[in-house]
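Engineer: From the sequence below, what's the structure:
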Amino acid sequence: REKLAALEPGNTEWQRDLSVSHNKLGNVEMAAGNLGAARQHYEAGLATIEKLAALEPGNTQWQRDLSVSHNKLGDVEVAAGNLGAARRHYEEGLAVAERLVALEPCNTQWQRDLSVSHNKLGDVEVATGNLGAARRHYEEGLAVREKLAALEPGNTEWQRDLSVSHNKLGDVEMAAGNLGAARQHYEEGLAVAEKLAALEPRNTEWQRDLFISNAKLAQVAEAEGSSVQALERFRTAETVLDRLCKEYPDHPGFARDLVRVRVDIARLEADSDQNP
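Structural biologist: Okay, here's the model as predicted:
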């Protein structure tokens with residue numbers, strides 16, 4: 001692709017192919033933890049796409065590529081702890097997503113891109129302690145996802161997106177000490193997770209979502225001083241994980257989660273014994 005791009009610099013298809021290759025190599029380096037190498041590939045891909053997007057501002061595919069490249073670089077900077085740089089890239093990606101949505105409001109892919117950008121910025125704001133800004137971004141993302149989920153109730157990806165957004169908002173409210181609001185969001189997320197888990201019992205990701213939602217609700221109950229409710233939620237989470245561990249005994253993540261939830265159960269049981 002480098003040879004082809006050098007052979008015909010004016011061939012925009014070959015230029016885009018080059019950016020795709022850089023992005024794929026960047027993905028490999030990210031997975032391997034080589035952040036410097038990932039950054040180099042993503043920056044090379046971004047440089048190519050910036051030229052194409054400037055050449056044809058009306059080409060919506062290239063505009064979306066621009067947003068994707070900024071998000072990938074934002075992910076690298078988050079992993080490297082450079083939150084300011086991550087925010088700048090995510091804001092660039094969000095700006096592109098907003099332009100595309102304004103251009104074609106009925107394009108559901110671009111609507112979802114918009115929600116992803118808001119969530120990424122929300123994550124950065126949480127990491128920097130800006131809970132108000134995080135809440136605003138997560139609420140913007142949730143609003144988009146609610147529309148998409150209502151538009152296609154059978155689209156399981158969009159339904160799960162809805163659950164994720166509620167959990168993120170629940171985390172913000174927990175951090176802010178708003179336990180009632182946190183519980184409400186976690187319960188909304190759990191309701192979606194339960195539907196998906198019942199729909200596809202063999203989908204391990206959706207089964208694990210049940211554990212996550214119940215564990216989060218247990219944390220709310222404990223913070224509210226209700227050890228009984230917290231224990232009930234943790235035990236429900238334990239049941240989910242125990243089943244997953246039996247089905248997938250070599251999965252390190254499930255085993256780790258099971259140990260963690262059992263530690264929480266043992267802690268609460270010990271507190272209950274000491275304070276009957």
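
Engineer: tell me, how many neighbours does residue 98 end up with?
Structural biologist: Residue 98 has 16 neighbours, counted by other CB atoms under 10 Å. The C-beta positions use only the backbone N, C-alpha and C, and glycine is treated the same way.

Engineer: how much space is there between it and residue 115?
Structural biologist: From residue 98 over to residue 115 the distance is 12 Å, taken as CB to CB, to the nearest Å.

Engineer: can you check residue 263 too?
Structural biologist: Per CB to CB, residue 263 is found 34 Å from residue 115.

Engineer: more neighbours, those two?
Structural biologist: The neighbour comparison of residue 263 against residue 115 (other CB under 10 Å) goes to residue 115, with 26 against 11.

Engineer: Might one say that residue 97 is in contact with residue 114?
Structural biologist: Yes: between residue 97 and residue 114 there is a contact at 4.4 Å, judged by CB atoms under 8 Å.

Engineer: Name the residue in these two with the higher neighbour count.
Structural biologist: Neighbour count, other CB under 10 Å: between residue 97 and residue 114, residue 97 has more, with 27 against 24.

Engineer: Show me what counts as buried in the helix or strand hosting the more buried one.
Structural biologist: Taking DSSP states H and E as the criterion, residue 97 maps to helix 83-103. Neighbour counts over helix 83-103 (16 or more other CB atoms under 10 Å) mark 83, 85-90, 92-94, 96-98, 100-101 as buried.

Engineer: and of those residues, the nearest to residue 73?
Structural biologist: The shortest approach to residue 73 among the buried residues of helix 83-103 belongs to residue 89, at 4.6 Å (CB to CB).

Engineer: returning to that earlier point: can you work out which residues contact both of residue 97 and residue 114?
Structural biologist: Shared contacts of residue 97 and residue 114, defined by CB atoms under 8 Å, 6 or more residues apart in numbering, are not found at any residue.

Engineer: what's residue 86 in contact with, if anything?
Structural biologist: For residue 86, the contact set (CB under 8 Å, 6+ apart) comprises 74, 75, 77, 78, 124.

Engineer: how does it look with 10 Å?
Structural biologist: Residues near residue 86 by CB atoms under 10 Å, 6 or more residues apart in numbering: 71, 73-80, 120-121, 123-124, 127-128.

Engineer: Please apply the same query to residue 201.
Structural biologist: So residue 201 contacts 207, 243 (CB under 10 Å, 6+ apart).

Engineer: How confident was the prediction at it?
Structural biologist: Listed pLDDT for residue 201 reads 90.

Engineer: what does residue 276 give?
Structural biologist: As predicted, residue 276 sits at a pLDDT of 57.

Engineer: Then residue 1?
Structural biologist: pLDDT, residue 1: 89.

Engineer: Distance check, it against residue 40.
Structural biologist: 16 Å.

Engineer: Next: residue 3.
Structural biologist: Where residue 40 is concerned, residue 3 sits at a distance of 20 Å (CB to CB).

Engineer: What of residue 101?
Structural biologist: For residue 101, the distance to residue 40 equals 31 Å [CB to CB].

Engineer: so where is this structure shaky, pLDDT-wise?
Structural biologist: Where the chain drops to pLDDT under 70, the residues are 273-276.

Engineer: Which element, helix or strand, includes residue 268?
Structural biologist: Secondary structure from DSSP H and E places residue 268 in helix 252-274.

Engineer: How about that helix, which residues are buried there?
Structural biologist: Buried, per 16+ other CB under 10 Å, within helix 252-274: 254, 257, 258, 261, 262, 264, 265, 268.

Engineer: need the strands for the stretch 51-200 of the chain, in chain order.
Structural biologist: Defined through DSSP state E, counting those that start in this stretch, the strands belonging to the stretch 51-200 of the chain form an empty list.

Engineer: which stretches of this structure form helices?
Structural biologist: For the chain, applying DSSP state H gives helices covering 2-7, 12-32, 35-55, 60-80, 83-103, 108-127, 131-151, 156-176, 179-199, 204-223, 227-247, 252-274.

Engineer: list the helices and strands the shortest one packs on?
Structural biologist: Under the contact definition 3 or more CB pairs under 10 Å, 6 or more residues apart in numbering; DSSP states H and E, helix 2-7 sits against helix 12-32.

Engineer: Now do the buried residues in the helix it packs on.
Structural biologist: Within helix 12-32, the residues scored as buried using 16+ other CB under 10 Å are 12, 14-19, 21-23, 25-26, 29-30.
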